[in-house]
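Chemist: Could you look at this predicted model? Sequence included:
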Amino acid sequence: MKHFINLDDLSNNDLTQIIDQAIALKKQHKSGAINNTLENKTLAMIFDKSSTRTRVSFEAGMAQLGGHALFLSDRDIQLGRGEPIIDSAIVIGSMVDAIVMRVSSHESIDTFSQNANAPIINALSDESHPCQLLADMMTYKEHKGDIQGKTVAWIGDGNNMCHTYMQAAKAFGFKLNIATPKNYQPDPVFVEKYAHYIHLFTNAQDACQAVDLVVTDVWASMGQESEQNMREIAFKDFQVNDKLLAHAKSDVAFMHCLPAHRGEEVSASVIDGSQSLVWDEAENRLHAQKALLLYLINT
């Protein structure tokens with residue numbers, strides 16, 4: 001049984017196959033064709049974090065493939081109310097065909113993968129966000145072609161999205177420049193593991209020199225709201241704006257996993273400008289995840 005907990009779980013060949021199928025599924029959907037490949041299949045969606053794109057894309061994706069999605073918040077099930085996680089994994093896994101988890105603890109996802117008799121999909125944890133990277137890589141391929149050999153700049157916090165871009169640099173063969181304030185660098189475990197594929201900076205301009213893609217995320221993620229003011233001070237020189245993009249290639253692309261705070265991590269002129277791919281990137285969560293579901297459930 002295959003899971004999708006980190007990008008490292010799948011080979012480059014499998015990841016490329018999923019992205020190519022996602023592009024085909026998107027064209028198929030736009031044409032009005034019906035695809036019922038997952039008819040009578042059920043997806044459990046376990047969330048302890050709020051979501052817009054993740055919930056809508058997985059629910060809509062299952063519906064478009066003829067299947068059904070069950071949304072289960074921490075208020076709907078016994079998870080976290082005294083029932084051991086292992087017990088929940090065994091029970092839920094016996095009733096559905098796949099399980100999506102958007103939870104705070106990456107450890108909970110690992111526990112489910114070891115005990116549930118169903119493929120597990122990490123839809124965001126404190127460690128990584130691999131579903132977003134499928135959409136990002138799909139979007140780059142649609143607009144710019146193969147990302148292999150390109151240079152990407154990550155600007156901002158060394159968070160779970162940054163970790164996943166580090167994994168993607170290895171998986172897809174691109175160079176990753178990471179620019180963060182000194183006290184907000186990515187987890188040292190990830191830095192050591194992916195050292196061959198990354199370069200660390202504390203200056204955003206240096207990291208953006210002649211890059212093909214610039215990516216950022218909010219300065220304070222969910223659960224860090226109390227740090228907002230402190231982070232605004234620390235990250236004040238890490239806004240992605242027109243001045244910063246002037247250091248990149250003339251045809252540079254911009255991505256953001258959303259939600260975005262215009263005027264903080266990104267200027268309105270960049271996110272709403274011609275170099276921005278964020279709206280296709282957001283829509284592509286739907287199609288990339290449909291391809292992922294077909295890969296996991298049908299194999």
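Modeler: That came in fine, so what should we check first?

Chemist: Output the below-cut-off pLDDT ranges for this protein.
Modeler: Applying pLDDT under 70 to the chain picks out residues 78-81, 299.

Chemist: residue nearest the centroid of it?
Modeler: Centroid-nearest residue in the chain, with CA atoms, centre = their mean: residue 132, separated by 2.1 Å.

Chemist: My read is that that residue contacts residue 285, right?
Modeler: Yes. Counting by CB atoms under 8 Å, residue 285 is a contact partner of residue 132 at 7.1 Å. For the C-beta atoms, the positions are set from N, CA and C on the backbone; glycine is no exception.

Chemist: just the strands in the stretch 101-250 of the chain please.
Modeler: With strands called from DSSP state E, counting those that start in this stretch, the stretch 101-250 of the chain shows them at 120-122, 151-155, 175-179, 198-201, 213-216.

Chemist: a markdown table please, covering those and showing distance to residue 241 and mean neighbour count.
Modeler: A markdown table is the format used below for those (distance: least, CB to CB, whole Å; neighbours: other CB atoms under 10 Å):
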| stretch | distance to residue 241 | mean neighbour count |
| --- | --- | --- |
| strand 120-122 | 32 | 26 |
| strand 151-155 | 10 | 26 |
| strand 175-179 | 14 | 22 |
| strand 198-201 | 17 | 17 |
| strand 213-216 | 10 | 26 |
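
Chemist: Which residue ranges of the stretch 51-200 of the chain form helices?
Modeler: Listed from the start of the chain, the stretch 51-200 of the chain has helices (DSSP state H, counting those that start in this stretch) covering 53-64, 85-93, 106-115, 130-144, 160-172, 188-193.

Chemist: Show me the one of these that comes nearest residue 298.
Modeler: Each of these has some distance to residue 298 by CB to CB; the shortest is helix 53-64, at 13.5 Å.

Chemist: what angle separates that closest one from helix 130-144?
Modeler: Helix 53-64 runs at 80 degrees relative to helix 130-144, counting by axes from the mean of the first three to the mean of the last three CA atoms, to 10 degrees.

Chemist: Helix 53-64 packs against which elements?
Modeler: Counting contacts by 3 or more CB pairs under 8 Å, 6 or more residues apart in numbering; DSSP states H and E, helix 53-64 packs against strand 42-47, strand 68-73, strand 98-102, helix 278-297.

Chemist: Of all those, which one is nearest residue 182?
Modeler: Residue 182 sits nearest to helix 278-297 of all the helices and strands packed on helix 53-64, at 28.0 Å, using CB to CB.

Chemist: pull the CA atoms of that closest one into CSV?
Modeler: Output in CSV follows, covering the C-alpha atoms of helix 278-297 (Å, rounded to 0.1, in the frame of the first residue of the first chain):
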residue,chain,number,x,y,z
VAL,A,278,-1.2,32.0,-7.9
TRP,A,279,-4.7,31.6,-9.2
ASP,A,280,-3.8,28.7,-11.6
GLU,A,281,-1.7,27.3,-8.7
ALA,A,282,-4.8,27.3,-6.4
GLU,A,283,-7.1,25.7,-9.0
ASN,A,284,-4.5,23.1,-9.7
ARG,A,285,-4.8,21.7,-6.2
LEU,A,286,-8.0,20.2,-7.5
HIS,A,287,-6.6,18.5,-10.5
ALA,A,288,-3.2,17.4,-8.9
GLN,A,289,-5.1,15.8,-6.0
LYS,A,290,-7.5,14.0,-8.4
ALA,A,291,-4.4,12.5,-10.1
LEU,A,292,-3.0,11.6,-6.7
LEU,A,293,-6.2,9.9,-5.6
LEU,A,294,-6.3,7.9,-8.8
TYR,A,295,-2.7,6.9,-8.3
LEU,A,296,-3.2,5.8,-4.6
ILE,A,297,-6.6,4.2,-4.8
